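**Q** pasting the sequence and the predicted model now:
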Amino acid sequence: MVARALKCAEALAEKGIEAEVIDMRTIKPLDAATVIKSAEKTGRLAFMEEAVGCGGIGEQLAAYLTRRGAGFKVKLIALPDAFVPHATMAELEELYGLTTEKLLEKIGELL
């Protein structure tokens, strides 16, 4: 997902929109300071993960920020909390809107 996030950042840069990509490899320990530092620049966060969002890192970070009263606009992009059918990664990415084009549309909702 990091490679796709970087592609999204490049596409946004071509439109004059600056975006940072943070590779969150773990929930514990949670590197909230890095996320907050980035979000303070724009007041916006897009969490992208290629796993079920329920209980995922994006949800955990959103909850953490909410408990601390951070007023950031947040967009969680992940698989739904439902059965995910067997398919190739390309088929799943298309089905659940995780292609670069679809991710850019979802990120656009934050702008």
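**A** Now that the structure is in, tell me what you want to look at.
**Q** hmm, I57 is touching E49, no?
**A** Yes: with contact taken as C-beta atoms under 8 Å, I57 and E49 are classed as touching, separated by 6.1 Å. All C-beta atoms are positioned from the backbone trio N, CA, C, and that covers glycine.
**Q** just the strands in this protein please.
**A** 44-52, 73-79 (DSSP state E).
**Q** out of those, which gets nearest to M24?
**A** Each of the strands of the chain was checked against M24 via C-beta to C-beta, and the shortest separation belongs to strand 44-52, namely 8.1 Å.
**Q** so which elements touch that closest one?
**A** In terms of contact count using 3 or more C-beta pairs under 8 Å, 6 or more residues apart in numbering; DSSP states H and E, strand 44-52 is assigned the packing partners helix 32-42, helix 57-67, strand 73-79, helix 100-108.
**Q** buried stuff in the third one?
**A** Residues of strand 73-79 classed as buried: V74, K75, L76, I77, A78, L79 (neighbour count, 16 or more other C-beta atoms under 10 Å).
**Q** also the last one?
**A** The neighbour-count criterion (16+ other C-beta under 10 Å) identifies T100, L103, K106, I107 as the buried residues of helix 100-108.
**Q** my read: the third one touches K75, true?
**A** Just to be clear, that refers to K106. Yes: under the criterion of C-beta under 8 Å, K106 lies in contact with K75, with a separation of 6.2 Å.
**Q** name the residues linked to R44 by a beta bridge.
**A** Beta bridges link R44 to K73, judged by DSSP bridges.
**Q** whoops, I mixed them up, V52
**A** Listed beta-bridge partners, V52: L79 (assigned using DSSP bridges).
**Q** count of neighbours near it?
**A** In terms of burial, V52 registers 14 neighbours under the definition other C-beta atoms under 10 Å.
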